[in-house]
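A.B. asks: What follows is a protein structure lacking sequence information:
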């Protein structure tokens, strides 16, 4: 059964604590040849493309620098016209584009997380594909903490789009907790933030 998944990568942030755009950091740092093998963004697009029919990247004022990476990786770029309104505004921008493409299911991740492992994606997609009707979202959980990527269906997409842009994803998730399946995942990367040069360096070591 095809889920018709649409990947969404939120990449419109200013990366102020990192000092440079996180989407363009090398990942993994060195390829087998000793040269950088790609960026965090291109790696995330590649991973999501393995389980999604198409991948949408939400950019902000960084549109010009992200566009070559996005298009070179076979993904679609959409621009949040008001990224200063925060990450939830980028989520809503991406989800409207999911609906514009006629899709009902989305796999969402953040560019400030390490690109997800293939095994993690497979577990999330499998759980979503076999979920009960009451479940609108599958969210990974590692050692009691909830993380990303998340997989959501049409009901949760509409729940995110119905509320004001000043809301947070966590608020909407908690308001609909009866419709969320929290999936235990043995992957610390699902809850790992990568906001500073030190955090980036520790992940690459």
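C.D. replies: In hand now; what should we look at? These numbers were taken from a predicted model, which means no experiment stands behind them.
A.B. asks: Rounded mean pLDDT for the lengthiest helix in the chain, please.
C.D. replies: Longest helix in the chain by number of residues, with DSSP state H as the criterion: helix 87-100. Here helix 87-100 scores 97 as its mean pLDDT.
A.B. asks: Which pLDDT value belongs to residue 142?
C.D. replies: 95.
A.B. asks: okay but it is in contact with residue 182, surely?
C.D. replies: No. The pair residue 142 / residue 182 is not scored as a contact, 10.4 Å apart, by Cβ atoms under 8 Å. Placement of C-beta: from N, CA and C, glycine included.
A.B. asks: Compare these two (neighbour count), which wins?
C.D. replies: The residue with more neighbours, out of residue 142 and residue 182, is residue 142; 18 against 14, by other Cβ atoms under 10 Å.
A.B. asks: Bridged to the more buried one, which residues?
C.D. replies: Residues in a beta bridge with residue 142, per DSSP bridges, are residue 145.
A.B. asks: How about the contacts made by it?
C.D. replies: 184, 185, 186, 187, 188, 190, 191 (Cβ atoms under 8 Å, 6 or more residues apart in numbering).
A.B. asks: could you list every residue that touches the first one?
C.D. replies: Going back to what we said before, that points to residue 184. Listed by Cβ under 8 Å, 6+ apart, the contact set of residue 184 reads 141, 142.
A.B. asks: If we use 7 Å, what do you get?
C.D. replies: residue 141 (Cβ atoms under 7 Å, 6 or more residues apart in numbering).
A.B. asks: give me the beta-bridge partners of it?
C.D. replies: Assigned bridge partners for residue 184, using DSSP bridges, are residue 141.
A.B. asks: quick revisit: could you give me the ChimeraX syntax to select whichever of the contacts of residue 142 are buried?
C.D. replies: In ChimeraX, a selection of the buried entries from the contacts of residue 142 looks like this (16 or more other Cβ atoms under 10 Å):
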select :185,187,190,191
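A.B. asks: what separates the residue most central in space within the chain from residue 123, distance-wise?
C.D. replies: In the chain, the centroid-proximal residue (Cα atoms, centre = their mean) is residue 109; its distance is 1.1 Å. For residue 109, the distance to residue 123 equals 14 Å [Cβ to Cβ, to the nearest Å].
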